[in-house]
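Enquirer: I need the structure of the sequence given here:
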Amino acid sequence: MENETDLKKFRVLVVEPEKPPYVAEIENDLRSLQEIVGGNIQYVGLDRDTFFYCNEEGKLLGLPGNRKLDNGDIVAGTFIICRDDGTGEEASLTDEQIEKYMRRFREPELYTVQEVEDASYVSVKSYNSSDDFLKALFNDEDEDEDEMEL
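Expert: Predicted coordinates for the structure are as follows:
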């Protein structure tokens with residue numbers, strides 16, 4: 001029978017700057033996630049059932065560039081790839097997901113501080129009124145827009 005600490009752990013892929021990715025089993029708590037990324041965490045969707053956590057202030061802190069996303073943005077600092085269990089909670093990656101992202105990130109990428117700063121991704125939208133803004137803010141139709149394939 002599993003003990004209580006086993007239930008808190010989950011299998012993730014850790015991608016550090018200038019290193020190949022590796023599989024780790026980590027505690028499923030905020031402190032462990034923050035420790036790995038070196039600060040406050042930011043959630044970034046990858047696809048319908050995977051996402052990653054990175055340091056939300058990675059670029060502001062000047063963390064080294066790690067990997068480039070398909071939208072041209074560069075993740076600064078270490079990030080952790082996780083699976084969404086379908087309820088919005090973290091879960092262990094499947095073997096197929098590990099294989100997919102190990103292949104995608106196997107080669108370390110090197111970036112200058114200036115390249116990381118220049119690659120910052122910002123999405124700007126305009127609205128005709130505050131009512132339109134509030135409708136968009138609370139509408140789930142654009143949910144997939146925040147997801148990005150690596």
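Enquirer: which of the helices or strands spans the residue nearest to the spatial centre of the chain?
Expert: Nearest to the geometric centre of the chain sits Phe52, at 2.3 Å (CA atoms, centre = their mean). Using DSSP states H and E, Phe52 sits in strand 50-55.
Enquirer: now that strand, how far from the chain's geometric center?
Expert: 2 Å (CA atoms, centre = their mean, to the nearest Å).
Enquirer: buried sites along that strand?
Expert: Thr50, Phe51, Phe52, Tyr53, Cys54, Asn55 (16 or more other CB atoms under 10 Å). In this view, the C-beta of every residue, glycine as well, is placed from N, C-alpha and C.
Enquirer: could you tell me the average pLDDT over the helix or strand just after that strand, please?
Expert: Counting by DSSP H and E, the next helix or strand C-terminal to strand 50-55 is strand 65-68. What strand 65-68 shows for mean pLDDT is 94.
Enquirer: and the contacts of strand 65-68?
Expert: 15-17, 74-79, 105, 109-113, 115-116, 119, 150 (CB atoms under 8 Å, 6 or more residues apart in numbering).
Enquirer: for stretch 102-118, measure first residue to last.
Expert: Stretch 102-118 has an end-to-end distance of 26 Å (CA to CA, to the nearest Å).
Enquirer: how about that stretch, which residues are buried there?
Expert: Here stretch 102-118 shows Met102, Arg104, Phe105, Tyr111, Val116 as buried, counting by 16+ other CB under 10 Å.
Enquirer: show me what contacts Pro108?
Expert: With contacts defined as CB under 8 Å, 6+ apart, Pro108 is in contact with Pro17, Glu18, Lys19, Pro20.
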